[in-house]
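Engineer: Give me coordinates for this.
(2 chains)
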Amino acid sequence: MIDPGTLSVLWGGFRDVAATMGSALRTSAYSIAVRDGDDFSTAFFDPDGRLVAQGEFSPGHLGAMPFVVRHVVALHHDDAEEGDAFVINDPYAGSGHLPDVFLVSPVFVEGTLIGWLANGTHHSDMGGYAVGSQAVMGVSELYQEGLVLPCTRLYVRGEVSRDVLGIVLANVRTPDLVRGDLAAQHNANEAGAERVRALAARHGTEATIAAMAQVISGTEIAIRERIAALPDGVYRFETELEDWGSDTPPIAVVVTATIDGETVTVDFTGSGASVPAGINCALNYTMAYTLCAFKALVAPEMPQNEGTIAPLNVVAPLGSYFNPAPPAAVGGRQLAAPRIFEAVTGALSQAAPRGGVAGFGDMANPIISGRREDGSRYVFYDLVIGSLGGHPEAAGTDGLVGPHNPSNIPVEVQEASAPIRVERFELVDGTGGRGSHDGGRAVRRELRLLQGENVSITLLAERARRGAKGLFGGGDGSPGEYDIVRADGTVEPLHSKGRAVLAAGDLVRIQTPGAGGWGEVAGDE
Amino acid sequence: MHRLAIDIGGTFTDVALLDEATGRLTTTKHLTTADEPVVGVIEAVDSVLAEVGVGYGDLADVVHATTLATNTVLERDGDRVGLLTTEGFADVLTLQRQKRYELYDFTARLPEPLARREDTYGIRERMGADGEVVSPLDESSVVAAADALAAAGVTAVAVCYLNSYLAPEHEVRTRELLEKHGGFSVSCSHEVAPVIREYERFSTCVTNAYVQARIAEYLASLERALADRGFGGTFFIMQSSGGLVDAQTAGRQPVRLIESGPAAGVIAASRVAAEHGWPSVLSFDMGGTTAKLCLVEDGAPTLTHLLEVDRTAMKPRSGLPLMMPAVDLVEIGTGGGSIATPEMGAIRVGPTSAGASPGPASYGLGGTRPTVTDSSVALGYVTHLNADFQLKPLDVPAAETALRTHLGDPLGLDVAGAAAGLRDVAVSDMANAARLVTTERGHDPRDAVLFALGGAGPMHAASLAQELGVATVVVPPQAGVGSAVGLFQADVVYSAALSRSLLIDAGNADRIGDVLDEVVAGHERDLAQRFPDGLPPFEVDFEADLRFVGQGHELSVAFERGEGDGLVDRLREAFLVRYRASYPLAWVDRPLEAITWHVHYRIRGREVLRTAPQEVGAPAPRSTRRCLFGGHWHEATVLPFDAPELRSGAIGPAIVEQNGSTVVVPPGWRAAVGDRDLLVLTAVSAPGAESGAVR
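Structural biologist: Below you'll find the model as predicted:
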C-alpha cells in the first residue's frame, strides 16, 4: 500500500497528465471543432490499459476510450515500443464513427512499460459520401462513410510513418486540417508522456504503478458503496429517436436498469433494430453515454476511472440499434447520446434521490462545404447548442449544453473563416417545457451563404416532430425547426438528418428543440 | 523626496513609504475597511507618515494597487448596465460559450451576466467579417434605446457590436449619439478589447461599464483626500498587466484593474529577477485562501490576454472572461485556511477554506476542521499567529484534534502522518499549478528561482521547490508586504491593441508596416489628450499574437520594429523559438499569421530598489523547535531574520522568523541573508531526494 499522502500526490499527478495533454491538444490544433469547440478528449491508462485519469472533455470519447485502449493493448501489449503511437478510427473499436480518431501511445521508463496515453479528436473530415463523414441519409454501409483505420502504427519509434500518413491524407477532403490535428494529437501524447516520466522519476516506477491500482480500487469501493445505498429493483424507461431519414419510422429506445446490491445492469433489449442509414450506435458509444448518465446521476463529483466502470454492465443484443453488426453505417450516431442519457437517467432516477433531468434541447450540427472565390475549399462546422431540461433543484439552464460537452463556436471566428454570415443567435421565448421547474429555451441560429453555388449542407439534428420530453409531470418543449429560405424568398423545410444544396443568398434557419420541464406545475391537474 | 505605495487587499491594507535619499522603507498593515476603503487608507498612511515625520506634501508620487474592481464583480454591487448590441445577438451574454465546467453536473449554472437581458437592446446594424458595412446603423433605434435607458435611470452603457474589432465605425457613431443624448457613461467594445470573439469581448466591455462608476468615485475620493492633505504629486494605479497608469486613464478602463493587487507582487519578483540577471523566476504568493503562481521571464512577467473573474471553486471556464493584458497568473484554492478532507483513501485539500472566520482550528476561533495552517502547527513549524501586530500563540492541541478526527482516523494515520500527508498534497497541488505556467509554456521549472511572498508562501516555498526540482528559493525582507514594495518598481505603461489578420510573409511587409502605423497613430492620438503638453520620453515596444494559419490559439511574441525588411523574418524566428519550446516535435512547416498587434509606451521603473540594509542583530541564545521533516522529528534551529548566523549561512532544519512570516528551511537546505537582505535558500543535497511522507 502507498501511504495516503503519496497516493494523493500521485493521483493529482495522473489528473495533471490528462489536463496537460488537453491544453497541448487545444492550443496546437487546427480544426475549428477542436480549437474552439473543444471536441476532443484525453486520458491516462495503466500498463494493462486500465483507465487511471481523464481530462474533463467529451463524454463520448471519454466513455469509449477505455475500450479503445483495451483493444490496442490486446493487440500490442508485447510489441509496442517507445515512441510508437497507434491511430484508430474503426467505429466498432473506437467511439462509434469515423471522424473520431484516437491516438494511443505507450509510455516507457527505462524500458519498462508504465502506462498508456490516449486522446480522441473529432476530425473535420474522413472522406466518404459527405463532407464531414457523418451523413445519415444516403448511406447504408460503413464503406460509404469514409476511410476506416484499424489499429495502425502512425508513429514508429518517434518517427511519423509517411506511408500511413500519406494514405490518410489522400482520402480526406481537408488534408491540411487533418494533418495539423494529427500532429496536435501527437503533441498531446508527448506532453503527457513527459509528465508521466517525471512522476515515475520522482516517486519511483513501482510506487507509481502501485498508486494507479490504488486509485482504481479506491474509486471502485466508493462507487459500489453509492450503488449499494440505492434501493434494489428493476426500473424501466422508454423514449425514441424520431426517425432515421425522410418518411422513416422512429427507433425505439428501451432501457431496463437493474440495481442489484453493488452493481447496475443497463439493458437495451427491446430497443429498435439497426437501420440502413448512417445513424447506428456502436456498442462502445452506447456504453460511453450509459456510463456518463450513470455517473451524472449516482456520483457526479467522483473521479472517472476503471473503478467507476467496473460495477456497471451494459447489455444490447447484437444487430440491434444500440449494438449494430458491422458494416452498419454509423456517422450520425451522436444523435443517440441524449436519448441514451435520458433513458438511463429516466430509469435510474426512479431509484436515485436526485430525480434526473428532463429532456434536452438537442444540439444541431450543420456542416456546410463549398469553395471560396479563390478556389480553396472550406468546411464550415457549426454547433447549435440547445438548453438543459428542468431538474429537481431548478429550471434547466438556458443555453447550457446537453450530454456532449463542446462549446459553441464564436460567430466572429466562423465568419472570418468561411463566406457565411451568422444573422441571428438567440434564445426563443415560450419554447421550454413548463413544469415546477421549466425546461430551458430553444436556441436559434441563422446562417446566410454569401457566395458560391452547389454548396452542400448536411444537417444532424433531432426532435423536429416532437419536442423534448418532460419528466415527472413536466411538459414537453417545442419541436426543433430546420429550414432554408431561398434567395427568392421561398421556404423549404430541411430534414433534421437531411442534405441540401445551397446557393449564394440562401439562409439556413436552425432552431433547436426547447428542453423539457420537470415536475407538475403547481395547480395543474 | 518620498514615495508612497498602497496595496488594498481583501483583508489587509499594506502601506509602504520609501525615503529615496536613504532607501529607508517603513511599512504598516491595517485592516481593510471594505465599506469605506478611503478611510482605512488614510488612517494607514497617516500612521506611516507620522512614524517617519514627513507630510503629504513631501510625497513625489503615490502608487496604488486595489482589489476594488474584482470585489465589485464578486459582490455584484456595480452599476446597472445598459447593453446595446447587434440585433439578433441580444443573448450573447446569457448563452456564453454554452459549455459545462463540471462534466457530469447537469444542474450547473453559468455565471450571472453583468448586464440584465431586459436592459439589452438589439440595434439594427451590421459589419461584415471583411470590415464592410452590411447594414447601416439605424440611429433612431440607438436614440430609442437611449430614451428607454434614461427613463429607467440607467447611466452605464456598453456598446458591443459584432465585428467591431475590425470595423468600429458603428460603435463610434453610437457613442456620439449617446453622448449627444447626455447622461451616460459609455464603454465601447472596440476600445476596451479590440479583439476577435464576441462573447469574450462583450463580457470585457460590460464588466468595464459595470465597475466604472465605483472605481471612478473611489479614485476621485482617494485623490481628493490625498490632495486635501497637501499631496501634489502624481497618483498612479497598477493595472492587471503589471504596468502603472495615471488615475484618470485607469478610471477610463477600470476593467484593467481586475488583477491590480496580484500583479504588484509579480512585479516585485520581476525586479529581483532583473537585478540579479535570473532568466527565470517563479513568483509564488500564498495567502489565506489561494496560492498564485506566475512565471517571470528575463525580468518581465509573462502576460496573458484572457483571464477570468468570479470563477466557481477556481474551476477553469466557470467565470466571466476578460480580454486584456494581464500577468499570467494561475490561482488555485490552496491557502493557509484550506480545509483537508479524506476521499477514497486519499487526501483532498481545498478549495473550501476556513477563511478568517472560523479560521484554522489552531486559531482557537471555533474552527474544527484541519487546514493547511494546522498541518504546519502540528509539524512544529509555526507556534504563533502574527495578526493585528501582535503575536498570539497558536493552539497546538486544537490543530492535532482536528487532524486526528477528520483526517487521521478515517485514513488510518496518526496525527503526524495526517499533517505530513496534508502538507504533501497541498504542495503537490501547487506544483501542478506551477507546471501550468512553466512546463506547459515550454519552460523547465528546474531552471527557475522560486520567489516566495504572502503569509504562507515562505512556509511552503522550500517544499514546493523540492517538488519541482528547483534548487533556489528567495524570500524578500518584506515578504508580508511584498506587493506594496513591488509597486515602487513598476513601469508606467500605456498600451493599445488592434486585431488585424495578416499573413507574415515578405509580400505583406508593407501592410504590416501600415498596421503598425495605424495602431501607433491611434495610440498617440489617445495619449495626446492625456499629455496635452507633449508626450514624455516613452520607450516603445511591440508585441504580436501569432499562430500558424488555421490554428485557433495565438502565442504573443515581443518584437522591435526596426528599420528595413527584416521584420517578417524576425517575427517568424521569434515565434518558432516559442512554439518549439512548447512542442518540440511539432509540424512547423506552415505559413504564419498575426491576429492582434499590441504597442506599449513605457517609462521604466526602478530596476533596483535602493533600500537601506538591515542591521545585523545581536547573537541570540540558541533556541530550537521540534519539527517533523521526511517522517523524522528534528530539533530545528529558530533564527530571527537579523541573526548573525544567517550572514554566514545556516543549515536546515531551521525556522527563520521574520516580521509577518515564517520561513521553513528543511534538512538539505541552506539559508543565508545576502545581497539586498534577500533570504536565499539553497538545496545542498539533491533536490527531490526528500519526501515529506511518513512511511
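Engineer: On the pLDDT front, check residue 404 for me.
Structural biologist: Let's take chain A. Predicted confidence (pLDDT) at A:His404: the value is 87.
Engineer: Chain B was what I was after
Structural biologist: For B:Arg404, pLDDT reads 97.
Engineer: Tell me the secondary structure at it.
Structural biologist: helix (DSSP: H, G, I helix; E, B strand; the rest coil).
Engineer: measure the closest residue in space to it that isn't next to it in sequence to B:Ala618 for me?
Structural biologist: Counting by Cβ to Cβ, 6 or more residues apart in numbering or on different chains, B:Arg404 lies nearest to B:Val415, which is 5.2 Å off, once chain neighbours are set aside. Glycine gets a C-beta too; all of them are placed from N, C-alpha and C. B:Val415 sits at a distance of 37 Å from B:Ala618 (criterion: Cβ to Cβ, to the nearest Å).
Engineer: Compare these two (neighbour count), which wins?
Structural biologist: Higher neighbour count among B:Val415 and B:Ala618: B:Val415, with 21 against 9, using other Cβ atoms under 10 Å in any protein chain shown.
Engineer: what's near enough to touch that one?
Structural biologist: B:Ala378, B:Glu400, B:Leu403, B:Arg404, B:Gly408 (Cβ atoms under 8 Å, 6 or more residues apart in numbering or on different chains).
Engineer: By neighbours, which of those wins?
Structural biologist: Per-residue neighbour counts (other Cβ under 10 Å) across the contacts of B:Val415 peak at B:Leu403, which has 31 neighbours.
Engineer: Point out the other helices and strands that the one helix or strand A:Ala201 maps to packs with.
Structural biologist: Take DSSP states H and E as the rule and A:Ala201 turns out to sit in helix A:175-203. Secondary-structure packing of helix A:175-203 (3 or more Cβ pairs under 8 Å, 6 or more residues apart in numbering or on different chains; DSSP states H and E): helix A:4-28, strand A:40-45, strand A:85-88, strand A:100-109, strand A:112-122, strand A:152-156, helix A:162-170, helix A:205-228.
Engineer: got the angle between the second one and strand A:112-122?
Structural biologist: Inter-element angle recorded for strand A:40-45 and strand A:112-122: 160 degrees (by axes from the mean of the first three to the mean of the last three Cα atoms, to 10 degrees).
Engineer: Direction included, what does strand A:40-45 pair up with?
Structural biologist: Here strand A:40-45 is paired, per DSSP bridges, with strand A:51-54 (antiparallel), strand A:112-122 (antiparallel).
Engineer: Now do it: everything it contacts.
Structural biologist: With Cβ under 8 Å, 6+ apart as the contact definition, strand A:40-45 has outside contacts at A:14, A:17-19, A:21-22, A:25-26, A:29, A:34, A:51-55, A:57-58, A:61-62, A:65-66, A:69, A:73, A:115-122, A:188, A:192, A:196.
Engineer: residue contacts, A:Asp483?
Structural biologist: A:Asp483 neighbours (Cβ under 8 Å, 6+ apart): A:Val491, A:Glu492, A:Pro493, A:Leu494, A:Val508, A:Arg509.
Engineer: again, 10 Å this time
Structural biologist: Going by Cβ atoms under 10 Å, 6 or more residues apart in numbering or on different chains, A:Asp483 touches A:Ala464, A:Val491, A:Glu492, A:Pro493, A:Leu494, A:His495, A:Ala500, A:Leu507, A:Val508, A:Arg509, A:Ile510, A:Gln511.
Engineer: Same check on B:Arg423?
Structural biologist: B:Arg423 makes contact with A:5, B:340, B:347, B:349, B:372, B:375-376, B:378-379, B:381, B:459-460, B:463, B:628, B:664, B:692-693, according to Cβ under 10 Å, 6+ apart.
Engineer: Mind checking which of those are in helices?
Structural biologist: Secondary structure assignment by DSSP state H places A:Gly5, B:Val372, B:Ser375, B:Ser376, B:Ala378, B:Met459, B:His460, B:Ser463 of the contacts of B:Arg423 in helices.
Engineer: And those residues, which two are furthest apart?
Structural biologist: A:Gly5 and B:Met459 (17.5 Å; Cβ to Cβ).
Engineer: Between those two, tell me which one has more neighbours.
Structural biologist: A count of neighbours by other Cβ under 10 Å puts A:Gly5 above the other of A:Gly5 and B:Met459, at 28 against 23.
Engineer: does the more buried one really touch B:Gly408, like I thought?
Structural biologist: No. Using Cβ atoms under 10 Å, A:Gly5 is not in contact with B:Gly408, being 11.6 Å away.
Engineer: what about the closest residue to B:His190 other than its chain neighbours, how many residues close to it?
Structural biologist: In this structure, B:His190 finds its nearest non-sequential neighbour in B:Pro168, 3.8 Å apart by Cβ to Cβ, 6+ apart. B:Pro168 has 21 neighbouring residues, counting by other Cβ under 10 Å.
Engineer: I appreciate the help and will end here.
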